[in-house]
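> got a predicted structure here, sequence first:
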Amino acid sequence: MGSKIFAPKGTRDLLPDEVKAWEMVEGKIKEICKTFNYKQIRVPDFEHYALFDRGVGESTDIVSKEMYTLNHRGKDVFALKPEGTSSVIRAYIEHGMSSGITPTKLYYITSCFRSERPQKGRQRQFHQFGIEAIGSYSASMDAEVIMLVSTLFNKLGIKGLELRINSVGCPKCRSAYYEKLKEYVKPFENELCEDCRDRLNKNPMRILDCKNEHCKTLLKDAPLMVDYLCEECNEHFESVKDYLSNAEIEFVVDPKIVRGLDYYTQTAFEFVSTDLGSQGTVCGGGRYNGLVKMIGGPDTPGVGFGLGLERLMLIMEEQGLLNDLEDDEIDVYLAPVGKEASKVAFKTFKKLTDSGIKASIDVMDRSLKAQMKYANKVNTKYTAILGEDELQKGVYTLRDMRSKEQEEVNIENLFEYIKEKLGE
Ligand code: ATP
Ligand code: MG
């Protein structure tokens with residue numbers, strides 16, 4: 001016998017009971033995306049490494065530390081996708097979607113891969129629901145995207161999530177801000193962690209996102225992007241806030257939100273739960289006006305978010321929102337006793353399942369007593385018994401599992417009879 005093989009660290013099996021909860025949530029997601037007129041897109045799990053290097057940014061933690069890279073026969077370099085946006089934009093460009101309807105409104109539910117230290121709410125393979133709205137510069141687009149996810153939280157009954165928004169400006173206003181930021185850190189630049197010193201050269205704003213406690217202390221009073229926005233970005237930010245207030249969507253401005261990806265411009269936002277500690281960010285998103293062009297497409301703006309489904313499920317579990325999910329039920333369980341009866345019942349089984357009636361049949365050659373025990377466990381509305389006596393008489397004994405009433409039904413008529421009963 002071989003030794004046991006376990007699932008890789010940082011991955012998790014979802015067993016049927018849990019899948020039931022996931023299906024409920026995914027169903028709501030699909031419903032809401034339909035309500036808001038977003039269409040589903042499915043993208044591959046691996047892409048050319050260059051896509052993320054360029055899209056997410058080579059200096060980000062995601063690309064420089066967390067990405068699973070595959071060298072394929074020394075020829076191609078691929079990466080397991082760490083997020084959805086780059087892939088969706090790649091597909092948008094590749095399929096010429098810019099010549100279709102504008103804005104292009106897409107959503108996805110997909111696996112993402114990041115080589116991180118596994119913790120509660122942090123896995124190496126996890127799942128994101130995300131949307132991308134491509135083609136509009138308007139602040140109302142940002143507000144719509146935020147509204148969609150806030151509607152989802154409401155429909156799922158989730159409480160206590162805080163919407164935090166910020167503006168990270170555009171390349172134009174950023175350069176002036178970077179000068180200020182560099183000036184501010186100059187006196188203690190050497191005290192910053194190695195990563196931050198590196199960030200100062202590549203994407204200075206990201207030092208504000210550093211998790212290192214010493215860096216956090218040093219940067220407590222650092223100048224903030226919101227105070228240096230150009231007129232256009234400032235107006236856009238004010239307008240996003242206006243739309244949200246107007247729609248009665250509560251938010252707080254958090255000038256420290258920079259997000260871990262390079263492609264964001266103007267709006268950046270997060271939905272944060274206080275329940276999950278440092279894994280509190282359930283959803284992160286924002287505007288990315290430079291991304292489409294950066295990965296080879298036309299100069300097109302976009303806005304979207306990625307929502308971690310594992311974290312969403314954890315919050316829902318904690319808030320008791322996954323307790324009363326309906327048990328799967330079958331309509332009829334066929335309980336034949338003996339080989340001959342089994343053959344006859346199998347024919348009925350085919351008729352039932354052909355017409356979409358949820359049915360199950362004994363495949364363990366169990367005794368009638370054992371079969372009745374099984375029938376009670378699988379949660380069936382009816383059990384159709386075909387013992388020796390029944391077979392001789394040409395009938396099933398049909399037992400209504402709720403009322404416990406029994407009646408005899410002709411073998412040939414069982415299908416029609418059940419169909420009628422279920423229609424009542
Ligand atoms: P964090 O700061 O928690 O590492 P992040 O900024 O890296 O999050 P994003 O890249 O914005 O996260 O991804 C969007 C969402 O995906 C997160 O808000 C989170 O809900 C989820 N997520 C990110 N990484 C993981 C992971 N390793 N395991 C589970 N969910 C994750
Ligand atoms: Mg991360």
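Now that the structure is in, tell me what you want to look at. Ligands and ions are numbered 1, 2, ... in the order given.

> for the rest of this, base every contact and every neighbour count on C-alpha atoms.
Fine.

> next structured bit after the longest helix seen in the chain?
When the chain is parsed with DSSP state H, its longest helix is helix 16-35. From helix 16-35 onward toward the C-terminus, using DSSP states H and E, the following helix or strand is strand 39-40.

> return the distance of that next one from the chain's centre.
Distance of strand 39-40 from the chain centroid (CA atoms, centre = their mean, to the nearest Å) equals 14 Å.

> then stretch 83-95?
17 Å.

> now do the buried residues in it.
Buried residues in stretch 83-95, defined by neighbour count with 16 or more other CA atoms under 10 Å: 83-93.

> what's the answer for stretch 10-23, then?
So, applying 16+ other CA under 10 Å, buried residues of stretch 10-23: 10, 20-22.

> other residues contacting it?
Stretch 10-23 is contacted by residues 7, 117-118, 122-126, 313, 322, 325 when judged by CA atoms under 8 Å, 6 or more residues apart in numbering.

> how about the residues of the stretch 51-200 of the chain near ligand 1?
Listed as neighbours of ligand 1 in the stretch 51-200 of the chain under the rule CA under 6 Å from any ligand atom: 114, 121-124, 126, 128.

> please repeat the previous calculation with a cut-off of 5 Å.
Residues of the stretch 51-200 of the chain lying close to ligand 1 (CA under 5 Å from any ligand atom) are 122-123, 126.

> for the stretch 201-350 of the chain, give me the ranges with low pLDDT.
260, 276 (pLDDT under 70).

> residue numbers of the stretch 201-350 of the chain in contact with ligand 1?
279, 281-284, 306-308.

> which of these fall in strands?
Those of those mapping onto strands are 281-284, 306-308, per DSSP state E.

> ok and the residue in the stretch 101-250 of the chain nearest ligand 1?
In the stretch 101-250 of the chain, the residue that lies nearest ligand 1 is residue 122 (3.3 Å; CA to the nearest ligand atom).

> tell me the bridge partners for that residue.
residue 119 (DSSP bridges).

> would you confirm that it contacts residue 278?
No - applying CA atoms under 8 Å, one finds residue 122 not in contact with residue 278, separated by 9.8 Å.

> those two: who's more crowded?
residue 122 (19 against 13; other CA atoms under 10 Å).

> for that one, which residues are in contact?
So residue 122 contacts 10, 116, 279 (CA under 8 Å, 6+ apart).

> kindly report the same for residue 360.
Neighbours of residue 360 in contact, by CA under 8 Å, 6+ apart: 330, 332-334, 349.

> just put those residues in a markdown table and tack on distance to residue 383 and neighbour count.
Below are these laid out as a markdown table (distance: CA to CA, whole Å; neighbours: other CA atoms under 10 Å):
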| residue | distance to residue 383 | neighbour count |
| --- | --- | --- |
| 330 | 10 | 17 |
| 332 | 5 | 25 |
| 333 | 5 | 27 |
| 334 | 6 | 24 |
| 349 | 12 | 21 |
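
> okay if I get those as JSON lines plus secondary structure and distance to residue 144?
Output for the contacts of residue 360, formatted as JSON lines (DSSP: H, G, I helix; E, B strand; the rest coil; distance: CA to CA, whole Å):
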{"residue": "330", "secondary structure": "strand", "distance to residue 144": "41"}
{"residue": "332", "secondary structure": "strand", "distance to residue 144": "46"}
{"residue": "333", "secondary structure": "strand", "distance to residue 144": "48"}
{"residue": "334", "secondary structure": "strand", "distance to residue 144": "51"}
{"residue": "349", "secondary structure": "helix", "distance to residue 144": "49"}
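
> you'd agree residue 200 is up against residue 207?
Yes - using CA under 8 Å, residue 200 is in contact with residue 207, at 7.2 Å.

> and the spatially closest residue to residue 191 that is not a sequence neighbour, how many neighbours?
Closest residue in space to residue 191, ignoring its immediate chain neighbours: residue 215 at 7.9 Å, by CA to CA, 6 or more residues apart in numbering. Per other CA under 10 Å, the neighbour tally for residue 215 reads 19.
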